[in-house]
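>>> generate a structure from the sequence data that follows.
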Amino acid sequence: MERDIEAYLVKRVKALGGMAYKFVSPSNRGVADRLVVLPGQIWFVEVKQETGRLTALQALFMEQMKRMGHNAIVVWSKEDVDKWIANL
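Have a look, this model is predicted:
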């Protein structure tokens with residue numbers, strides 16, 4: 001389930017000495033689920049389960065962040081979380 005992947009993400013980020021803030025912006029739909037702060041870098045992370053899909057607003061938010069030079073990623077599984085962390 002999506003919440004299991006999100007909990008795993010938070011656990012892995014904390015193990016790296018980072019923080020994974022729950023990101024909620026009531027007047028801005030489509031923002032990423034988590035704002036991950038690691039030493040020297042910040043990531044916008046959207047969490048989906050493997051059978052999920054990004055909404056148009058979520059996809060737009062992720063593309064806008066990337067276009068502005070920010071780190072943004074969608075993780076679809078615990079394995080994706082592990083791959084992302086391995087590549088940091």
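>>> spatially central residue for the chain, please.
Val45 (1.1 Å; Cα atoms, centre = their mean).
>>> and the helices in this protein?
Taking DSSP state H, the helices of the chain run over residues 2-15, 56-67, 78-86.
>>> can you put these in CSV and add mean neighbour count, distance to Gln49 and mean pLDDT?
In this view, the C-beta of every residue, glycine as well, is placed from N, C-alpha and C. Below are those laid out as CSV (neighbours: other Cβ atoms under 10 Å; distance: least, Cβ to Cβ, whole Å; pLDDT from 0 to 100):
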stretch, mean neighbour count, distance to Gln49, mean pLDDT
helix 2-15, 16, 4, 97
helix 56-67, 14, 14, 97
helix 78-86, 15, 10, 98
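>>> average model confidence for the strand ranked longest in the chain?
Across the chain, the strand with the greatest residue count (assigned by DSSP state E) is strand 41-47. Per-region confidence: strand 41-47 scores 98 on mean pLDDT.
>>> paired strands for it, with orientation please.
Applying DSSP bridges to the sheet, strand 41-47 is found paired with strand 34-38 (antiparallel), strand 71-75 (parallel).
>>> please state the offset of that strand from the chain centre?
Relative to its chain's centre, strand 41-47 lies at 4 Å (Cα atoms, centre = their mean, to the nearest Å).
>>> please apply the same query to stretch 52-61.
In terms of Cα atoms, centre = their mean, the gap separating the centre of stretch 52-61 from the centre of its chain is 12 Å.
>>> what of stretch 71-88?
Worked out by Cα atoms, centre = their mean, stretch 71-88 lies 8 Å from the chain centre.
>>> hmm, who's touching that stretch?
Stretch 71-88 is contacted by residues 4-5, 8-9, 12, 16, 32, 38, 41-50, 52, 54, 61-62, 65-66 when judged by Cβ atoms under 8 Å, 6 or more residues apart in numbering.
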